[in-house]
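[1] I need the structure of the sequence given here:
(chains A and B, ligands or ions: 4)
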Amino acid sequence: MSIYFSPFVIPFLIGVIVLIIICCIKYIRWYNQFDRVQKTVILKNIISWRFLSAIWETIMEALLHRKVFKRSFLLGYMHSSIALGWFLLIIVGAIESEIAIQTDKPFWIGIFYRYFVHDSHAFKHAQFFAHFMDLLLLYVLSGVILAYIKSIYSRIVGMKKTTKHVIFDTFAKFALWLIFPLRLLSESFTAALYNNGGFLTQTLGNMINYTVADVLEIPAWTLYSFALGTFFISMPFSRYMHIFTEVIFIFLKKLGVGENEQISGYTMFELSACSRCGICIDNCPLHKDLQLPGVQSIYFLRDLRYKRPREEIAENCLMCNRCVAECPVGLDLMTIRRQMRYKKDLDTHANYNYIENLQPFNSIGRIIYFAGCMSHLTPGIIDAMTTIFEKVDQKYWFMDKDRTICCGRPLLQQGFSIQAAELRRKNTQLIKQSGATMLITSCPICYQSFKKEYNLPIQVMHHTEYIHMLIKSGKLKLRKDDLKVVYHDPCELGRGCGIYRQPREILKTVTHLLKTKNEKEKSLCCGYNLGNTVINLEQQTKIRNAAMSSLRAKNPDLIVTACPMCKKAFKRASDFTVKDVAEIVKENIISE
Amino acid sequence: MIKFGFNISETRAINLEDCDLENVKKLHREVSSFKLCVSCGACSATCSARQFTDFNIRKIHASFRRGQYAGLQEELKACMLCGKCTLVCPRGVNLRSMIINMRKILLESNKK
Ligand code: SF4
Ligand code: SF4
Ligand code: SF4
Ligand code: SF4
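    Ligands and ions are numbered 1, 2, ... in the order given. As a prediction, the model looks like this:
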């Protein structure tokens, strides 16, 4: 038997073996659930620059936790010190033992190095390594201490609410919290006996009585090994499964694999890649304004992962995308929601024969204007757009002037994918046959749908992009009024499609734009988002009011937005003027 | 005759004793705002699907409420879930949720 073995290594060994076996079984099973397309994408892209960018992303996110830092420095420090610190402890430990011991040695030597190697001058820079390892241990310990504090007082790391965890998580968490203090203790005992510690462990060791150290050395190392083993065994069943899964997920994503309409092996990777950090809770409108428990992405994913999904949870989400913007792992949370909303038997061939008679208008040399269902409830927007088209002599076909076919996105969001596809097919046919070269829509929902769910051969623009283009090219001459306005980013346009710049630039041209607290990615949902069918009007109103009071904080003259739905939502509060970007542009057109 | 976009229905007699109101109760449980409806017809007037056919959402839920379920499942499939009806309803009836749940309930009761 190797001289680098002692019975206390066994718990650690069992942990590692169990962990490797379970992870392999899980990963292979999930990979087998990938479909042909997903598998080919991986093979095709594995030898490309994408692979390098995945490595980069792994370092930045899985180790350094850059996105968590952006949210809060202390939270980022906590996550990165444990992840990066532990990673370095393993790597540097391996290097240290590699240099020190030339003969055959077991793989666990780096973990228990100081117990087995007592000579602090075993090689040239042995002292340096001892100090450096202590430094790393201190780094990890500082993160662990922050984690203790966070569990008692979460606001310190910038979070109002921390996660409620399942039993495995608690088990694994305590094991994790014990690992590093126990390592410190064991190494200090050994240092007390053999003087082989670094600046930290040796200082502690010097304070320990020799006989005490002699008695407690082995028990301490045993406990350390037990803590490691316990953590490894509970890892695949707890949230700590994200440690490895997040890395695989980053690679899969970077190699171009994505979600399907149905749950696939990729979804399983996503579910386990969620670290249950809880960052998605605080700003979810359903938590912030309604205090609805258990519906936020973190809980939704957790329930799904432990195979107890609840329909009402899947349905209860505004699809406002706020959590998607905040999630440091970058999970495709909205697609998973949609997968779970899939209506199975209900989503059959619909009764849409009535749309078949609709004929395209010959629009060669024209553009298409697609107002969208909701814009028909805000005639001001349509009026503004038609005025603008006429002003710049743009010939257009008002595709949904009298009769509107929905774009299909509301159906898709509710899990009716077959029915949604029928609407998309008809709209696509009309658009293609019309011969138009561009499509302008006033509704961000339609915009997102045309952009992402359709595969149109022509350019699609939201009206803010279009107006912006007109201004830039000098076709539209506008004056500047002296109002003070704030701009509300609609979820579907902002976080959904990344259009933040154009509406702001337009507003800066025609009026005075004030900054608000919740801008761009941080914009608050108006509460009327079609994604949610569960909450009632009263609850929608609460969310709306929260968004509205944030917008009104600086006493603007009016609120400007770029979505008929948001406009309608704010209008309903009725004591304040709300306008669409198009309307305010129309009012400021200079008529020669 | 002027067309207002609405028809006047034939007079009919419904024998409430023959109606099975089990589904209605279920719908009430799922979509409590359903009972707020005053049958004003605003939903039908704005309905996108109605611009094409005589699909009439107000009438459908009125029938549902009376326990007359025949043919409703098929009719409901004409809805595009666009949400206009929900936005205009003066009583805050969650029509989209109501439509989805009516379809669910009808599907279940047909299976039995
Ligand atoms: S979904 Fe993202 S933000 Fe939410 S707990 Fe999981 S990893 Fe954190
Ligand atoms: S999409 Fe919006 S409502 Fe839904 S869970 Fe995320 S933050 Fe909450
Ligand atoms: S608009 Fe509302 S109150 Fe009026 S009929 Fe429709 S559901 Fe009933
Ligand atoms: S959601 Fe359905 S019933 Fe309501 S307006 Fe749209 S098509 Fe009509």
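[2] wait, doesn't A:I149 sit right on A:I156?
    Yes - here A:I149 reaches A:I156: they are 5.7 Å apart, a contact under CB atoms under 8 Å. Every residue, glycine included, has its C-beta placed from N, CA and C.
[3] check whether whatever helix or strand A:E390 lives in contacts chain B.
    Using DSSP states H and E, the element containing A:E390 is helix A:379-391. No - Helix A:379-391 stays clear of chain B (CB under 8 Å from any CB of the partner chain), getting no nearer than 12.2 Å.
[4] Could you check which residue of the stretch 351-500 of chain A lies nearest ligand 2?
    Using CB to the nearest ligand atom, the closest approach of the stretch 351-500 of chain A to ligand 2 is made by A:C491 at 7.8 Å.
[5] what sits against the closest residue to that residue other than its chain neighbours?
    Computed as CB to CB, 6 or more residues apart in numbering or on different chains, the closest residue to A:C491 that is not its neighbour in sequence is A:C320, at 4.4 Å. Going by CB atoms under 8 Å, 6 or more residues apart in numbering or on different chains, A:C320 touches A:285, A:491, A:495, A:525, A:529, A:531.
[6] possible to save the residues you listed as CSV with secondary structure and distance to A:R504?
    As requested, the contacts of A:C320 are exported to CSV (DSSP: H, G, I helix; E, B strand; the rest coil; distance: CB to CB, whole Å):
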residue, secondary structure, distance to A:R504
A:P285, helix, 23
A:C491, coil, 17
A:R495, coil, 15
A:C525, coil, 19
A:N529, coil, 22
A:G531, coil, 25
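[7] Going by neighbour count, which of those residues are buried?
    Among these, those buried by neighbour count (16 or more other CB atoms under 10 Å in any protein chain shown) are A:285, A:491, A:495, A:525, A:529, A:531.
[8] burial measure for residue 100, as a count.
    Let's take chain A. By the measure other CB atoms under 10 Å in any protein chain shown, the count of residues near A:A100 is 17.
[9] right idea, wrong chain: chain B
    Neighbours of B:I100 using other CB under 10 Å come to 24.
[10] Is it within a helix or a strand, and which one?
    Assigned by DSSP H and E, B:I100 falls in helix B:95-111.
[11] what's the average pLDDT for that helix?
    For helix B:95-111, mean pLDDT rounds to 91.
[12] which intervals of the stretch 451-592 of chain A have sub-threshold pLDDT?
    Across the stretch 451-592 of chain A, residues meeting the criterion (pLDDT under 70) sit at A:592.
[13] where do the helices sit along it?
    A:463-472, A:501-510, A:537-551, A:564-571, A:581-587 (DSSP state H, counting those that start in this stretch).
[14] which residues sit against the shortest one?
    When you say that, I think you mean helix A:581-587. A:380-381, A:383-385, A:387-388, A:442, A:463-464, A:467, A:476, A:478, A:481, A:485, A:487, A:503, A:506-507, A:510-511, A:560-562.
[15] what residue ranges in chain B score low on pLDDT?
    B:1-2, B:5.
[16] so where do the helices sit in it?
    B:22-30, B:42-46, B:57-65, B:72-76, B:84-88, B:95-111 (DSSP state H).
[17] what would the ones you listed look like in TSV with distance to ligand 4?
    Below are those laid out as TSV (distance: least, CB to the nearest ligand atom, whole Å):
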stretch	distance to ligand 4
helix B:22-30	15
helix B:42-46	6
helix B:57-65	4
helix B:72-76	9
helix B:84-88	3
helix B:95-111	6
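[18] who wins for proximity to chain A among these?
    Nearest of those to chain A, taken as CB to the nearest CB: helix B:95-111 at 4.0 Å.
[19] Check which helices and strands the closest one is in contact with.
    With contacts taken as 3 or more CB pairs under 8 Å, 6 or more residues apart in numbering or on different chains; DSSP states H and E, helix B:95-111 sits against helix B:22-30, helix B:57-65, helix B:72-76, helix B:84-88.
[20] The first one vs helix B:95-111, what angle?
    This means helix B:22-30. Per axes from the mean of the first three to the mean of the last three CA atoms, to 10 degrees, the angle that helix B:22-30 makes with helix B:95-111 is 140 degrees.
[21] quick one: the residue most central in space within chain B from B:Y69, how far?
    With distances taken as CA atoms, centre = their mean, B:H61 lies nearest the centre of chain B, 2.1 Å away. As judged by CB to CB, to the nearest Å, B:H61 and B:Y69 stand 11 Å apart.
[22] Got the confidence number for the residue nearest to A:C491?
    95.
[23] List the backbone torsions phi and psi for it.
    Recorded main-chain torsions at A:C320 are phi -80, psi -10, according to degrees, to the nearest 10.
[24] ditto for the one 3 residues further on
    Taking degrees, to the nearest 10, you get phi -70, psi -30 for the backbone angles of A:C323.
[25] these two touch, right, it and A:F300?
    No - judged on CB under 8 Å, A:C323 makes no contact with A:F300 at a distance of 9.5 Å.
[26] list residues touching both of those two?
    With CB under 8 Å, 6+ apart, A:C323 and A:F300 have common neighbours A:L333.
[27] re the thing from before, nearest to ligand 4, out of the helices of the stretch 451-592 of chain A?
    That would be helix A:564-571 among the helices of the stretch 451-592 of chain A, by CB to the nearest ligand atom, at 13.2 Å.
[28] just for the stretch 51-200 of chain A, where's the confidence low?
    In the stretch 51-200 of chain A, residues with pLDDT under 70: A:161-164.
[29] what about the helices in it?
    Going by DSSP H, counting those that start in this stretch, the stretch 51-200 of chain A shows helices at A:66-71, A:73-100, A:113-116, A:126-152, A:167-194, A:199-207.
[30] dump the residue contacts of residue 97.
    Going with chain A. Residues near A:S97 by CB under 8 Å, 6+ apart: A:105, A:109-110, A:113, A:117.
[31] not quite, I wanted chain B
    Applying CB under 8 Å, 6+ apart, the residues near B:S97 are A:533-534, B:30-31, B:33.
[32] and the residue nearest to A:H463 when sequence neighbours are not counted, what does it touch?
    Closest residue to A:H463 apart from its sequence neighbours, by CB to CB, 6+ apart: A:S442 at 4.9 Å. By CB under 8 Å, 6+ apart, the contact set of A:S442 is A:369-372, A:375, A:381-382, A:385, A:462-463, A:564, A:580, A:582.
[33] Among these, list the two that are farthest apart in space.
    With distances taken as CB to CB, the most widely separated pair in those is A:F370 and A:D580, at 15.5 Å.
[34] Could the C-alpha coordinates of the helix holding A:E390 be exported in PDB?
    Extracted C-alpha coordinates of helix A:379-391, given in PDB (Å, rounded to 0.1, in the frame of the first residue of the first chain):
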ATOM      1  CA  PRO A 379     -55.700  54.600 -32.800                       C
ATOM      2  CA  GLY A 380     -53.400  57.500 -32.000                       C
ATOM      3  CA  ILE A 381     -50.400  55.300 -32.900                       C
ATOM      4  CA  ILE A 382     -51.900  54.200 -36.200                       C
ATOM      5  CA  ASP A 383     -52.800  57.800 -37.000                       C
ATOM      6  CA  ALA A 384     -49.300  59.000 -36.200                       C
ATOM      7  CA  MET A 385     -47.700  56.300 -38.300                       C
ATOM      8  CA  THR A 386     -49.900  56.800 -41.400                       C
ATOM      9  CA  THR A 387     -49.300  60.600 -41.100                       C
ATOM     10  CA  ILE A 388     -45.500  60.000 -41.000                       C
ATOM     11  CA  PHE A 389     -45.700  57.600 -44.000                       C
ATOM     12  CA  GLU A 390     -47.600  60.300 -46.000                       C
ATOM     13  CA  LYS A 391     -45.300  63.000 -44.900                       C
END
